[in-house]
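>>> build the 3D model from these lines:
(chains A and B)
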Amino acid sequence: GQQVMQIPQYQHVQEGEDFTTYCNSSTTLSNIQWYKQRPGGHPVFLIQLVKSGEVKKQKRLTFQFGEAKKNSSLHITATQTTDVGTYFCAAGAGSYQLTFGKGTKLSVIP
Amino acid sequence: SQTIHQWPATLVQPVGSPLSLECTVEGTSNPNLYWYRQAAGRGLQLLFYSVGIGQISSEVPQNLSASRPQDRQFILSSKKLLLSDSGFYLCAWRSAGGTYGYTFGSGTRLTVV
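Numbering: from 1, shown residues only, chains lettered A, B, ... in the order given. As a prediction, the model looks like this:
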């Protein structure tokens, strides 16, 4: 089945620093989604990217979908302690299911 | 608005005991429903998904089973729990068209002792 590799597994940043997590696939993706899971919580949908080269922004978060639709990134500008959590990418494999990456756990040092 | 309910929130069960976790969705019809397991706070493993009543697809072999007796009800079961069944179980739904993200329930933390 579809597999997505997500890096890094862990990231520790000082508050105010930027953060980026990457998601890569060996195959072309129909779409990619991003989720955030706060410690002790459940994953929450952030955004879906569908088009080649697509860039979407949500306040300090910038999401990109690669031109070849095989990779994606999530960039957070000037991290805050509220950004703490694990960020997952999830690749579309048809309309029924998603394949999740293993996630990047972000720690923000105040 | 659509809501998803999952219970119980936490569960401690002895090895060999049965399991039944329930998930219900409100405010939508004919949703795609999913059961995921998350071990050690990392990674989401798809266990089962369903696109309609009585239709269950299994993704991994295990001693778990799923059922969908009603359109908006999804149940995860086991006849005899193993220690390796411990984990965080998440139910999720998505519209049948599949154009939006998953909405997850709040999860059940299962500890098998």
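>>> ok, residues contacting the longest strand along chain B?
Using DSSP state E to define each element, chain B has its longest strand at strand B:42-52. Taking CB atoms under 8 Å, 6 or more residues apart in numbering or on different chains as the criterion, the residues outside strand B:42-52 that touch it are A:43, A:86, A:88, A:96-100, A:102-103, A:105, B:30, B:32-39, B:56-60, B:62, B:64-66, B:68, B:71, B:74, B:76, B:90, B:96. C-beta: built from backbone N, CA, C; applies to glycine.
>>> and the contacts of the helix or strand following that strand?
Where DSSP states H and E defines the elements, the next helix or strand beyond strand B:42-52 is strand B:55-58. Strand B:55-58 is contacted by residues A:96, B:47, B:48, B:49, B:50, B:51, B:65, B:66, B:67, B:68 when judged by CB under 8 Å, 6+ apart.
>>> any of those residues buried? List them.
Buried by 16 or more other CB atoms under 10 Å in any protein chain shown: B:47, B:48, B:49, B:50, B:51, B:66, B:67, B:68, out of these.
>>> state the distance from the last one to chain A.
As for residue B:68, its distance to chain A is 14 Å (criterion: CB to the nearest CB, to the nearest Å).
>>> you'd agree that residue is up against residue B:53?
Yes - when contacts are counted by CB atoms under 8 Å, residue B:68 is listed as touching residue B:53 (5.5 Å).
>>> which residues touch the most centrally placed residue in chain B?
Residue closest to the average C-alpha location in chain B (CA atoms, centre = their mean): residue B:35, at 3.1 Å. Going by CB under 8 Å, 6+ apart, residue B:35 touches B:23, B:46, B:47, B:48, B:49, B:66, B:74, B:76, B:89, B:90, B:91.
>>> what about it, helix or strand, and which?
With DSSP H and E as the test, residue B:35 turns up in strand B:32-39.
>>> equivalent analysis for residue A:63, please.
strand A:61-65.
>>> so what does that strand touch, helix or strand wise?
Where contact means 3 or more CB pairs under 8 Å, 6 or more residues apart in numbering or on different chains; DSSP states H and E, strand A:61-65 is packed against strand A:43-49, strand A:55-58, strand A:71-76.
>>> 10 Å instead?
Packing contacts for strand A:61-65, counted by 3 or more CB pairs under 10 Å, 6 or more residues apart in numbering or on different chains; DSSP states H and E, involve strand A:19-25, strand A:32-37, strand A:43-49, strand A:55-58, strand A:71-76.
>>> now do the phi/psi pair for the residue nearest to residue A:77 when sequence neighbours are not counted.
Closest residue to residue A:77 apart from its sequence neighbours, by CB to CB, 6 or more residues apart in numbering or on different chains: residue A:60 at 4.6 Å. Residue A:60 adopts backbone torsions of phi -90, psi 0, taken as degrees, to the nearest 10.
>>> quick one: contacts for residue A:60?
Residues in contact with residue A:60, defined by CB atoms under 10 Å, 6 or more residues apart in numbering or on different chains, are A:18, A:19, A:75, A:76, A:77, A:78, A:79, A:80, A:83.
>>> how does it look with 7 Å?
Taking CB atoms under 7 Å, 6 or more residues apart in numbering or on different chains, we find residue A:60 in contact with A:76, A:77, A:78.
>>> if we can go back for a sec, turn the contacts of residue B:35 into TSV, including distance to residue B:110 and pLDDT.
Supplementary listing: these in TSV, determined by distance: CB to CB, whole Å; pLDDT from 0 to 100:
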residue	distance to residue B:110	pLDDT
B:23	14	97
B:46	17	90
B:47	12	93
B:48	15	94
B:49	19	92
B:66	15	96
B:74	16	97
B:76	10	97
B:89	6	96
B:90	11	97
B:91	13	97
